[in-house]
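> need a structure here:
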Amino acid sequence: MSVRRAQQEIDAPEFTEWIAYYNLEPFGQVRDDIRIGHAACCIASAIGVKNAKVSQFMPDFGKKRKPQSAEEMRATLMAAFGVHNAKEGL
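Numbers count the residues shown, from 1 in each chain. Have a look, this model is predicted:
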C-alpha cells in the first residue's frame, strides 16, 4: 500500500493506535527475527554451546563490524562445532 493511500484510509489517531499496538506486539520482520533467533539459540544449546542467548542470533543492522578473516571464521566454527567434527579433520 502506498503512503498516499494509507493516509486516505486511516487517520492520525488510528495510526497512533497501530504504533502503540506494534510496540506491545511486534509483527513482521522484527517478530520473524526473534523467532529465528530463538530457534537458533535452542539448536546451539542442544549441540553444547554454553550460555547461548537469543540476542546472539539476532541481526544487528546498525552495528559496524570489522570483517572476519578466514582464520577467524574457522576458529568460530571449530569452537561451535569442533567436538562434532573432530573425527572429520576440519
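
> Send me stretch 31-48 as CSV with only the CA atoms.
Extracted C-alpha coordinates of stretch 31-48, given in CSV (Å, rounded to 0.1, in the frame of the first residue of the first chain):
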residue,chain,number,x,y,z
ARG,A,31,9.0,-10.8,15.0
ASP,A,32,10.4,-13.2,12.5
ASP,A,33,14.0,-12.3,13.6
ILE,A,34,13.0,-13.1,17.2
ARG,A,35,11.5,-16.5,16.2
ILE,A,36,14.6,-17.5,14.1
GLY,A,37,16.9,-16.2,16.9
HIS,A,38,15.1,-18.4,19.4
ALA,A,39,15.3,-21.4,17.2
ALA,A,40,19.0,-20.9,16.5
CYS,A,41,19.6,-20.5,20.3
CYS,A,42,17.8,-23.8,21.0
ILE,A,43,19.9,-25.6,18.4
ALA,A,44,23.1,-24.1,19.8
SER,A,45,22.2,-25.2,23.3
ALA,A,46,21.3,-28.7,22.1
ILE,A,47,24.7,-29.1,20.5
GLY,A,48,26.5,-28.0,23.6
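
> ok, the most centrally placed residue in the chain - contacts?
The centroid of the chain falls nearest to Met58 when counting by C-alpha atoms, centre = their mean (2.5 Å). By C-beta atoms under 8 Å, 6 or more residues apart in numbering, the residues touching Met58 are 33-34, 37. Placement of C-beta: from N, CA and C, glycine included.

> pLDDT at it, what is it?
The model reports Met58 with a pLDDT of 86.

> and what of Ala75?
84.
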